[in-house]
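>>> sequence unknown, structure follows:
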C-alpha cells in the first residue's frame, strides 16, 4: 500500500533535484534537504495514523479525518515551496528570453495564471494520491 506513495514522493524528489541542480549550492542543498526531511516526516505520519487508527482493517472513529487533515497540511508544505522555486526559475528565464518591458509584464501575467491553475490541480492530485477518495 505504501509502495505507490513512496514511489510518488521519490519521483517528486528526483524532479526537484533536476530543477535545483543548476542553482547555487545554498539554494540547491537547502531546497533538497527541506523536501527530503518533509517527505520523511510526511510518510512517518501517514504510517502512524494508518496503524494507530487501523485504517486498512477496521477503521476507528476519526481516523480518516485525522489522515485528511495531515495530508491537507502537508499538501501546502509541498506545493507552495515547489511553485516558489518554479516561479524563481521562470523569473530567471525571462531575463534571458524577453528584452522589452511590456513583453516581460505579459509573460509575468501568463506565468502567474498558469502557476495558479497548476497549483490547484496539484492540490487535487496530491490529496487523491495520498488520501484517496473519502470513505
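It's in. What you are looking at is a predicted structure, and each value in this text was computed from that prediction instead of being measured. Residues are numbered from 1 along each chain as shown.

>>> so, low pLDDT: which residues of the chain?
1, 94-99, 134-135 (pLDDT under 70).

>>> repeat the analysis, applying 90 as the threshold.
1-2, 51, 53-65, 86-112, 115, 130-135 (pLDDT under 90).

>>> which residue of it lies farthest from its centroid?
Going by CA atoms, centre = their mean, the residue of the chain most distant from its centre is residue 100, 33.1 Å out.

>>> wait, what's in contact with the spatially most central residue of the chain?
With distances taken as CA atoms, centre = their mean, residue 78 lies nearest the centre of the chain, 3.2 Å away. Taking CB atoms under 8 Å, 6 or more residues apart in numbering, we find residue 78 in contact with 12, 35, 38, 126. Quick note: C-beta positions are derived from backbone N, CA and C, even for glycine.

>>> could you list which of those belong to helices?
12, 35, 38, 126 (DSSP state H).

>>> helices of the chain, residue ranges please.
According to DSSP H, the chain carries its helices in the segments 2-20, 25-52, 63-97, 101-130.

>>> report the buried residues of the second one.
The neighbour-count criterion (16 or more other CB atoms under 10 Å) identifies 28, 31-32, 35, 38-39, 42-43, 45-46, 49-50 as the buried residues of helix 25-52.

>>> that concludes my questions; thank you for your assistance.
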